[in-house]
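> Sequence and computational prediction follow.
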Amino acid sequence: MEQVKNEKELIPEEISRIPGAREHLANERTLLAWIRTSIGIMAFGFVVVKFSLFLRQISLLLGKTDVLLPQRGYSAMIGIFLVGVGAIIILLSFFNFKKIQKQLNNKSFQSSSSEYLIFSLIAVLMIVSVFLIVYLMQSTGQP
């Protein structure tokens, strides 16, 4: 009689034969992709916050004090907003992961459950992109 192996001793070919394993692993990969996306958005937000500080330091380093940017701008507000968006995406992706996990366990999966998450992310990033373009044009003196 063949003994059942411990889960940690299973090789990938054996795991793929477990009913529903592929779907659960795909769900986990999707969660990890959303987490990577949100980390990228938060990192971009951090860069935006530090952008004006960087420009000021470069101006001082080059000795061009007449080119200094104003201390107050939109970069801090936009950067903080992006970090917040990244945090919200992590939260929403976790809820989506748990919802799909429950559906897979109940064998009642319904597709396109993350459509709202994708649409929201695209809409927010497009709006922030427009604000950043306008801000950069203003800060560089472009019409």
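All right, it came through fine.

> Show the average pLDDT along the longest helix seen in the chain.
Assignment by DSSP state H gives helix 21-61 as the longest helix of the chain. If you average the pLDDT over helix 21-61, you get 84.

> Next one: I80 from V49, what distance?
With the distance defined as Cβ to Cβ, to the nearest Å, I80 ends up 7 Å from V49. C-betas here are computed from N, CA, C, even on glycine.

> more neighbours, those two?
Comparing I80 with V49 by neighbour count (other Cβ atoms under 10 Å), the higher total belongs to V49, at 18 against 14.

> what residues are up against that one?
With contacts defined as Cβ atoms under 8 Å, 6 or more residues apart in numbering, V49 is in contact with S75, A76, G79, I80, V83.

> what do you get if the cut-off is 10 Å, keeping everything else the same?
Going by Cβ atoms under 10 Å, 6 or more residues apart in numbering, V49 touches S75, A76, M77, I78, G79, I80, F81, L82, V83.

> Perfect, I'm done here.
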